[in-house]
Every structure is written in structure tokens, then in C-alpha cells.
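Undergrad: Got a predicted model here, sequence first, then my questions.
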Number of protein chains: 2
Amino acid sequence: MAQEFSEQHRVVYYDTEVTGEMGIGKLVDMMMLASEDHSDSVGVTTQKVLGLGLGWVITQHLLEVKRLPKTNEVVTVSTKAASYNPYFCYRDFWVEAADGEMLAKMHTVFVLMNQAKRKITRILPELVAPFESEYTKKIERNPLPMAPKQPTASNDYGVRFMDIDSNHHVNNVHYFDWMLDVLGADFLTSHRLKKMNIQYKQEVRYGQVATSEVEIADLTSYHQIKVGQDLSCVAQCEWELR
Amino acid sequence: MAQEFSEQHRVVYYDTEVTGEMGIGKLVDMMMLASEDHSDSVGVTTQKVLGLGLGWVITQHLLEVKRLPKTNEVVTVSTKAASYNPYFCYRDFWVEAADGEMLAKMHTVFVLMNQAKRKITRILPELVAPFESEYTKKIERNPLPMAPKQPTASNDYGVRFMDIDSNHHVNNVHYFDWMLDVLGADFLTSHRLKKMNIQYKQEVRYGQVATSEVEIADLTSYHQIKVGQDLSCVAQCEWELR
């Protein structure tokens, strides 16, 4: 059984949006922090991974939201490195309210990148063993998000200096912000996100312009982020009316 | 003597920039959170102020940075509502490292806005008495930031849905991001902010485009944010070489 790691997080006013609820990007940031803290707690630090010339790269998040935390709510964020096969690691996250109510769940797919070759490499058992992650030969067949066929809205976002965090990558939160902002305030204040399936294709870099395109069909939205003609990210969201 | 309020804050990876140091906007966010928590702790909640048809508005921050906190550093953020006169409240902030090293200080000027009239109103003693704030007839003459005369760089930033926090205002952090991003990565990775004097003139709203202009003269930068021809914000920064 994979080891579980939990930590508490107080949601503060700058984590929240005009709805009084935590932003989706912030929710994912909070989960990724739990993953980093879990890794640090078992000695698989970012420094150790970098020292081997490697780096973890997220290829997909499958997010399910029951209720978004509100300002000043203290939630418990839990995670486990559920399983791995020769090329993929699968991590689960879940967020609970103080009374145990399940607020959100996420399933994330990681690969290991050889930094010099910029190529995906085999998972090193020494990097997953400390998590008591289960080895499996099975490669998961997760549903893939569908890209918009006929985008109905589009917006350009320049990548800012502040978008790059101390891990030297565009922080997760910004992909979510680019994808969701293009929906506009009327949609975002009248709908509630239930599910989001996001697949990362290629990293966006400082100074580039991310074009966020969306197509809305009933309660589903189809998203893509492009840099010029290159596809960076695809996502599909399921919504409900507030 | 004004009552002091302190709380601890762990700086996490998404609070930091490529330098490994906390972003300036995040630093200010963290201080504003201490101010909100202080207010809540004495019963002068945002709800109470809004219930009176009023709202606090920041007109100026005078920030001094000795050293920016790093990823995973736990700092103590302190604040006191130092003094007030009929129209202005003055609040002090200071941030200390675990060993007591002074990292940053900020002096902030607040006014009270009548929400219906959108006009500045007299400070209500009942809103400051709980902080044991000192009454003074003296109005501070703080230095004002100088606007750029001949901007050397400019960038446009659309105000996003996520930029508006649960207080229904563009969160502070974004003004700092707009002002500093325009300096570019070369400048920001080779310089360290020592002082920033920022004066707010007019609020920027969702859907508007904020134009950030800057002029650099040696180790001083002069900034302004405009929405069309309207001046929203002016700032002056003092830098040192890294």
C-alpha cells in the first residue's frame, strides 16, 4: 500500500475569487505543494532529482470538484504516489473539509525527463521506492481531453516574469488561469466546475504568448493553449449551473 | 501604544520567483493578510465595515526590503494600526526571519470610503479604537513617487477574472506584477529591490486593460499604470545590483 501524506492548508483571501471560493489554479497549486512536501519528507527532494540530471514532468491531471473551499476554511490536503510502471508514475490527491467532507480529488500522471536530452526516461526505482508506490506493468488508459473544434472565444496571455516559479517553470496556476479566464465573468459566476481533464503537451516559456482558445457546448467546455502553431495544452471541463 | 499583531507564514514554492525569493506582490499580500487577521481578531471585520456602508481603501505603501524570504522559510509578519487623524489611518508592517533578522518593513496609508457616494469619509473612531491606535491631528507628509517622464518600456495587461479576489477588488499582487514585469527578466534577475513607494489613484476593474509604463534611470525606476488616459497608480523603486 502506498504511503499517505497529509497536511493542512488555510485558504486565505488571496487564494479566492469573486465567488468567495478558491480558484482552480490555486487548488491545484495547493495539491502540488503537498506532493513536494511528501517528496521532501521521504528525502526525494527536487535537488536530489535534479542532481541525477532528471526532472518530474506532469503530463495529465484529472480533477473532480465537489465543493471549492471558501476564504478562511482550513482544509486537509492528502496525497499518495499510488503506482508506477516503467515510464509513468500515478499520484492521487484528495482535499477534505474540517468535518471530513470530501471537497476535491485529483489523479495526476508524471513522467521523468532527462534534462540534458530533453527526453522521457525510465522511472528510477530509487525515486519511487521511498513512497512505497506499487509497481504495475499496466499502463493506464485515462480518457483524453478533446480540443475545441471551432473555438468560440480566444485570448492572448503574455508569459510574465512572475509566472516562472523557483522550479524554473511556468507555475501550474497560470495554465488554469489562461484556460478559465477566456470563459468570461458571466460564465464563471453562473457555473461551477465539476470536472477538469487537462493534458500538457509542451511547456510555455517566459516571453512567449499563450493563446487560449475555448469552445462551449452546453455544460462542457473544450480548451487549448497554443504558442503560435504549437499546441501546449488541451483541457476539457464539465460544469454545472450555480 | 498601538496594539501589535503577529502571525507566522511559511513561504512556499508558488510564492517565489525564478530567483528563489518571494515575489514583491506576494510579500505585500502576506502583509495585507496580517492586517485582515488583525482586524478580524478585534472584531472590526470586513463585513462590519461593509455593513456600515464603508470600505477601507489603500492610498499608499512605502515598502523597504532588506532581504526577500526564500522558499520554505517561515517568517513572522507583524502589524499595528499606528495612528490616525480625521481622514487617514496609518498602519505599519514588519517581517522577520526565524532568528529575528528584519527582512522588510512597510508603512501604509488607508482612507475610509463611503461605498454609496464613492467618496472619502471621516474615520469612525469605533473602527480604530479596538486597535488602540493613537489619534493625532497631524497629517503625514510622506514622499510621493514620481511618475515616468519619458517611459522607456510599456506593456498592456488585461484584468482577468482571477485578478479579482473575494473582496471584489483587483488583488494587490497584480499591480505589483504589472509594474515589475515590464522591467524584464534581465533587469529583475540582476537587480534587487530595496525600496518601493506606490501611490494608488484609481481602481482598475475587471475587463479593463492596464498599461504599465516605466522609465529606468540608474538604480531608480519610475512607474505608472494607466487605463486609457486615466492614471491608476504611480510608483518609484530603488534598486541595488545583485
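TA: Now that the structure is in, tell me what you want to look at.

Undergrad: shouldn't A:Thr189 be in contact with A:Thr19?
TA: Yes. Using C-beta atoms under 8 Å, A:Thr189 is in contact with A:Thr19, at 6.3 Å. Glycine gets a C-beta too; all of them are placed from N, C-alpha and C.

Undergrad: out of those two, which sits in the busier spot?
TA: A direct count of neighbours by other C-beta atoms under 10 Å in any protein chain shown for A:Thr189 and A:Thr19 places A:Thr19 higher, at 16 against 13.

Undergrad: In contact with that one, which residues?
TA: Counting by C-beta atoms under 8 Å, 6 or more residues apart in numbering or on different chains, A:Thr19 makes contact with A:Leu68, A:Leu188, A:Thr189, B:Ser166.

Undergrad: again, 7 Å this time
TA: A:Thr189 (C-beta atoms under 7 Å, 6 or more residues apart in numbering or on different chains).

Undergrad: same deal with A:His191?
TA: A:His191 touches A:Trp239, A:Glu240, A:Leu241, A:Arg242, counting by C-beta under 7 Å, 6+ apart.

Undergrad: same deal with A:Glu4?
TA: Contacts of A:Glu4 by C-beta under 7 Å, 6+ apart are A:Ser78, A:Lys80.

Undergrad: quick one, what contacts the spatially closest residue to A:His38 that is not a sequence neighbour?
TA: Residue nearest to A:His38 in three dimensions, not counting chain neighbours: A:Phe5, with 3.7 Å by C-beta to C-beta, 6 or more residues apart in numbering or on different chains. When contacts are counted by C-beta under 7 Å, 6+ apart, A:Phe5 touches A:Ala34, A:His38, A:Ser41, A:Ser78, A:Thr79, A:Lys80.

Undergrad: Identify the bridge partners of the residue lying closest to the third one once chain neighbours are set aside.
TA: Closest residue to A:Ser41 apart from its sequence neighbours, by C-beta to C-beta, 6+ apart: A:Phe5 at 6.4 Å. The residues listed as beta-bridge partners of A:Phe5 by DSSP bridges are A:Thr79.

Undergrad: and A:Phe5, what pLDDT?
TA: Looking at A:Phe5, its pLDDT stands at 98.

Undergrad: And it, how close does it get to chain B?
TA: Distance, A:Phe5 to chain B, by C-beta to the nearest C-beta, to the nearest Å: 15 Å.

Undergrad: Of all the residues in the strand or helix carrying A:Val214, which ones are buried?
TA: Take DSSP states H and E as the rule and A:Val214 turns out to sit in strand A:209-217. Using 16 or more other C-beta atoms under 10 Å in any protein chain shown as the burial criterion, the residues of strand A:209-217 that qualify are A:Ala210, A:Thr211, A:Ser212, A:Glu213, A:Val214, A:Glu215, A:Ile216.

Undergrad: Format those residues as CSV; extra columns: pLDDT.
TA: Output for those, formatted as CSV (pLDDT from 0 to 100):
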residue, pLDDT
A:Ala210, 97
A:Thr211, 98
A:Ser212, 98
A:Glu213, 98
A:Val214, 98
A:Glu215, 98
A:Ile216, 97
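
Undergrad: restrict those to contacts with chain B.
TA: When C-beta under 7 Å from any C-beta of the partner chain is applied, no member of these is adjacent to chain B.

Undergrad: can you put those in a markdown table and add distance to A:Gln150?
TA: Conversion of those to a markdown table gives the following (distance: C-beta to C-beta, whole Å):
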| residue | distance to A:Gln150 |
| --- | --- |
| A:Ala210 | 20 |
| A:Thr211 | 15 |
| A:Ser212 | 15 |
| A:Glu213 | 10 |
| A:Val214 | 11 |
| A:Glu215 | 6 |
| A:Ile216 | 11 |
